[in-house]
Each structure stands twice: as C-alpha cells, then as structure tokens.
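Engineer: turn this into a model:
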Amino acid sequence: MTDLFADDIPPLPARDQPREDSPLADRLRPRALDEVVGQDHLTGADGAIGRMVAAGKLSSMILWGPPGTGKTTTARLLADAVGMRFEAISAVFSGVADLKKAFTAADKAADAGQRTLLFVDEIHRFNRAQQDGFLPFVERGTVTLVGATTENPSFALNAALLSRAQVLILQRLDQDALFTLLSRAEELEGTLPLTGEAKDALVASADGDGRFLLNQAETLYAANIREPLDPAGLGKFLQRRVAVYDKDRDGHYNLISALHKSLRGSDPQAALYYMARMLTAGEEPLYVLRRLVRFASEDIGLADPQALTQCLAAKDAYEFLGSPEGELAIVQACLYLATAPKSNAAYAAQKASFKAAKETGSLMPPQNILNAPTKLMKDIGYGKDYAYDHNAEDGFSGDNYWPEEMEPQTYYEPVERGFERKVRERMEWWDRKRQELRGE
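Structural biologist: As a prediction, the model looks like this:
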C-alpha cells in the first residue's frame, strides 16, 4: 500500500539549471542557502535558519519581509537542505480545494516516510477560516508550514497560527547585497552598459528589491546599448527618475541620513540643501516624503502634532500637482519639520510598550473594562462595576486598566517642549488625581 501511495507523491524539485531563455532573476536564483544574499542574520551559522538546518529539523515559520528579499527562494532551499518534499501554493490563486489537495498529498507522503514543507506565498491573503485550516495539519506534523508575507503578521495572521510558527524577518537588501547580485549578473551576461555613477544610481533606485534590480539589469542587456549610460541617460532609458551621484560619490543613503540628522538638529538650511541634492539629482519625491512622514512621528511626535499633518498634506499636494509645482509643498514640509520642537517620546514609548507586550504575552485585561455583548459574558463578570469616566467628577474615574498580573507601567514620558509640555501637565494632574482617589 505504501508503494502505491509513493507513486502519487510529487518528487522533490529538480535542481536542473533554468532554461537559457528564463528571466535573469530565475537564472541567478541561489542553489544553496549560503548563496542567499542579505539575510545572513537568518541563514548564517548562528541564525535561526542556519541552526535549524544544522540540526536537520525545521519548525513552522513565517517569513516576513518586503518584495524581492528572497522569501520564496529561502523556503525552497530549506526543503532541499533537510531533504524534505517541497510543495508551494499561493494564497492569491488558491482556495479551499487546493489546500485539501496539498494536505492529502502531504498525508500520502508521510505514509511513505517523507516529510513535506508546505510553502504558502502571500499567506496573509487567506481569511481567518482558511488560516485555521492549517492548524491540525501543522500540529500533527503532516506539514511543516513556511508562510511568506509582506504584511505585519501581528495584524495579518491569526494568533493561533502565530503561536505555532516562528516569525523570521527578512531585511531589505542593502547596497552590498544588491551589488553582489549585479556582480553575479555581470559574470553571467557580461559588463552592464553603465558608468560607475549610473550603476550606483541603478542600485539606489531598487530600494532594497533584488528582483527589481535584476529585472532592470535584464532590460539593459536586452537593449544592446553600445556606449555606457550615465545616470541621466539611465533615467531616460528606463523612464524612471534615478538618483545622480556627484563627484564626491555621496550615495543615496548618505544623503537621506544627512537630511534626517539635519532635521533632527533643527537646521533648516542644511536640511533644505540635502533635500535639494536628492530632488535635483532625480530622487523619487514620494520616497523623500515617506522619510519626512516617518521623521514627523519619530522625532517630533506630540511636541507638534501638526508636523505629521503637514507632511501628509505635502504628499497630497505633490500627488495633485506633480513635478515641479508639487515640490514646493515638500519644501514647506521640510522647513516645518526642521523648525518644529523636537521629541522622540512617542518613538521611545513605542519601543518600550512593544517590548513589554512581547514579554507579557496574552495577559487578560481586567474584567470590568471588557465589553459584554452576550448574556454569558455578563454572567461571568465582563463589564461588572465599570466606572464610566463621563459620570465621574472632572470626567476622570482613576480606575485601574492594567492586567492583574502587571503593575502600571510608564512608557510615554512627554518632554518639556512644544505641545508636549501641556500633555505632560495633563498627565501629571491625572497621576495626582489617581493618588487622591486611592487615598495614597
């Protein structure tokens, strides 16, 4: 009976070389885990994947990272490294019937003594019921699940599924990793028809996406360009604004770092200079706007709540007007950020609260602050004795909102600058009021 089942089991993926007419990214796909670039923190000897492969046993995992960072490739190579059968489905194109078929094949493979690595691309696109469908097969060991997602697993995946899988974060490819990919392309196809500055610009335009970089390189090879292109020629050829680097070879990341530090240091003149360097060189204005929006939350926060609004309004204005008219709105946002009061209190609070959330797990909030939409929930005490703040004196009840197993914590500490000065006064008043209400 086992032999009959074995005939139905799809074989391990063939490791033949891709066809010559395959896309460049496919022809350069790594053949072993040590060929994967930019993810040494996972695939290295001390990384989570490296340790699992060394032990010869994989646990279910979620690979979380941006496009073009090697999630699919890593999953396939994992199966090869430990001798597992590899089966892949995509949540974009698959439904319940496809899942049942995959689990049936995995059951047959298990009967034949072969383990299955089930790779689920875009796993976050499955609904909650479909995600729940994985649980019994993962628990029984029928499959080792490797899901890939570009979305935050905390929001995109069920808690039950997350509790059974390790989340591994793949990083955007840095410049070294992207240049490694270009070098491999040139070993295979020959020297790219680009000047050194244009090659720098091509790498910067990829924004950490290795697949995009190789696709752009393939376009250049196919065009049979006779003379090397400079950055301006590259931008014109690809119909994409590509950053130009001056004679000092200040790169994309150096300039965005200089802009960020100048804003943080409240130097509007230097901030304008570095932003102008990027925009006049051909940097994508929306990339600059994304960095400004991030800065508004990270380095200003509630010291001036209008900072974030100014940046989002600049984004809307740029999308409405386009270049060059819309770039004035970006300049306005830049000046606003540079001259605004600074505070990283929100940023520090995020890091501290996220750390505490990971350490405390699934502690229940107090029952009195839980909603009770059903009779059963009311009967077991949900919502009982809830203090409605609007009915309290000064609109403040001073109730305790922390899990019983936790002491009240302090994550957010406003600074004595800008609007946060008023927020600090308000929080101090609440703290004194709590002490009065508790007789302390």
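
Engineer: CA atoms for contacts and neighbours, from now on please.
Structural biologist: Fine.

Engineer: next helix or strand past the one helix or strand Thr180 maps to?
Structural biologist: Taking DSSP states H and E as the definition, Thr180 sits inside helix 175-189. Counting by DSSP H and E, the next helix or strand C-terminal to helix 175-189 is helix 196-205.

Engineer: what's the next secondary structure element after that following helix?
Structural biologist: Tracing the chain C-terminally past helix 196-205 and defining elements by DSSP H and E, one meets helix 210-222 next.

Engineer: ok, back up a step: and the helix holding Thr180, what does it pack against?
Structural biologist: Helices and strands touching helix 175-189, by 3 or more C-alpha pairs under 8 Å, 6 or more residues apart in numbering; DSSP states H and E, are helix 196-205, helix 210-222.

Engineer: got the angle for the shortest one vs helix 175-189?
Structural biologist: Helix 196-205 and helix 175-189 are oriented at 120 degrees to each other (axes from the mean of the first three to the mean of the last three C-alpha atoms, to 10 degrees).

Engineer: export only the CA atoms of helix 196-205, formatted as PDB.
Structural biologist: Presented in PDB, the C-alpha positions along helix 196-205 are these (Å, rounded to 0.1, in the frame of the first residue of the first chain):
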ATOM      1  CA  GLY A 196      30.200  53.700 -12.300                       C
ATOM      2  CA  GLU A 197      27.900  56.500 -11.200                       C
ATOM      3  CA  ALA A 198      25.000  55.100 -13.200                       C
ATOM      4  CA  LYS A 199      25.500  51.700 -11.600                       C
ATOM      5  CA  ASP A 200      25.300  53.300  -8.200                       C
ATOM      6  CA  ALA A 201      22.100  55.000  -9.300                       C
ATOM      7  CA  LEU A 202      20.600  51.800 -10.500                       C
ATOM      8  CA  VAL A 203      21.300  50.100  -7.200                       C
ATOM      9  CA  ALA A 204      19.800  53.000  -5.200                       C
ATOM     10  CA  SER A 205      16.700  53.000  -7.400                       C
END
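
Engineer: now that helix against helix 210-222, angle please.
Structural biologist: Comparing the axes of helix 196-205 and helix 210-222 via the same axes, to 10 degrees yields an angle of 140 degrees.

Engineer: returning to that earlier point: now the helices and strands packed on helix 175-189 as a markdown table including mean pLDDT?
Structural biologist: Converted to a markdown table, these look like this (pLDDT from 0 to 100):
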| stretch | mean pLDDT |
| --- | --- |
| helix 196-205 | 89 |
| helix 210-222 | 91 |
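
Engineer: Glu283 in helix, strand or coil?
Structural biologist: Using DSSP: H, G, I helix; E, B strand; the rest coil, the structure places Glu283 in coil.

Engineer: quick one: closest of the helices and strands packed on helix 175-189 to Asp107.
Structural biologist: Distance to Asp107, taken as C-alpha to C-alpha, is lowest for helix 210-222 among these, at 34.2 Å.

Engineer: same question for the closest one: list its buried residues.
Structural biologist: In terms of neighbour count (16 or more other C-alpha atoms under 10 Å), helix 210-222 has its buried residues at 210-214, 216-218, 220-221.

Engineer: report the two of those residues separated the most.
Structural biologist: Gly210 and Tyr221 (16.6 Å).

Engineer: quick one: distance of stretch 314-331 to the chain centre.
Structural biologist: Relative to its chain's centre, stretch 314-331 lies at 27 Å (C-alpha atoms, centre = their mean, to the nearest Å).

Engineer: oops, could you answer that again for stretch 161-170 instead?
Structural biologist: Put simply, stretch 161-170 sits 14 Å off its chain's centre (C-alpha atoms, centre = their mean).

Engineer: contacts made by it with the rest, please.
Structural biologist: 39, 42, 48, 59-66, 69-71, 131-132, 134-135, 138-139, 145, 153-154 (C-alpha atoms under 8 Å, 6 or more residues apart in numbering).

Engineer: make a PyMOL selection of the buried ones in those residues.
Structural biologist: To isolate in PyMOL the members of those that are buried, counting by 16+ other C-alpha under 10 Å, one can use:
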select buried, resi 39+42+48+59+60+61+62+63+64+65+66+69+70+71+131+134+138+145+153
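
Engineer: quick one: which of the contacts of stretch 161-170 sit in helices?
Structural biologist: Residues of the contacts of stretch 161-170 located in helices (DSSP state H): 42, 48, 71, 131-132, 135, 138-139, 153-154.

Engineer: with distance to Arg434 added, can I get those residues in TSV?
Structural biologist: As requested, those are exported to TSV (distance: C-alpha to C-alpha, whole Å):
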residue	distance to Arg434
Leu42	47
Ala48	46
Lys71	50
Gln131	44
Asp132	43
Leu135	45
Val138	48
Glu139	47
Pro153	37
Ser154	33
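
Engineer: distance of the residue nearest to Ile169 when sequence neighbours are not counted from Val167?
Structural biologist: Closest residue in space to Ile169, ignoring its immediate chain neighbours: Trp64 at 4.8 Å, by C-alpha to C-alpha, 6 or more residues apart in numbering. Using C-alpha to C-alpha, to the nearest Å, Trp64 is found at 7 Å from Val167.

Engineer: so what sits against both of those two?
Structural biologist: Common neighbours of Trp64 and Val167 (C-alpha under 8 Å, 6+ apart) are Pro153.

Engineer: circling back: pick out the most distant pair among the ones in helices among the contacts of stretch 161-170.
Structural biologist: Taking C-alpha to C-alpha, no two of these sit farther apart than Leu42 and Asp132, at 27.1 Å.

Engineer: what residues are up against Ala48?
Structural biologist: 41-42, 168.

Engineer: mind putting the residues you listed in JSON lines, pLDDT included?
Structural biologist: As requested, the contacts of Ala48 are exported to JSON lines (pLDDT from 0 to 100):
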{"residue": "His41", "pLDDT": "92"}
{"residue": "Leu42", "pLDDT": "92"}
{"residue": "Leu168", "pLDDT": "92"}
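
Engineer: nearest to Lys101, out of the helices and strands packed on helix 175-189?
Structural biologist: helix 210-222 (30.3 Å).

Engineer: right, and the helix or strand after the closest one?
Structural biologist: Using DSSP H and E, the next helix or strand after helix 210-222 towards the C-terminus is helix 231-238.

Engineer: tell me the buried residues in that next one?
Structural biologist: Neighbour-count burial for helix 231-238, counted by 16+ other C-alpha under 10 Å, picks out 231-232, 234-235.
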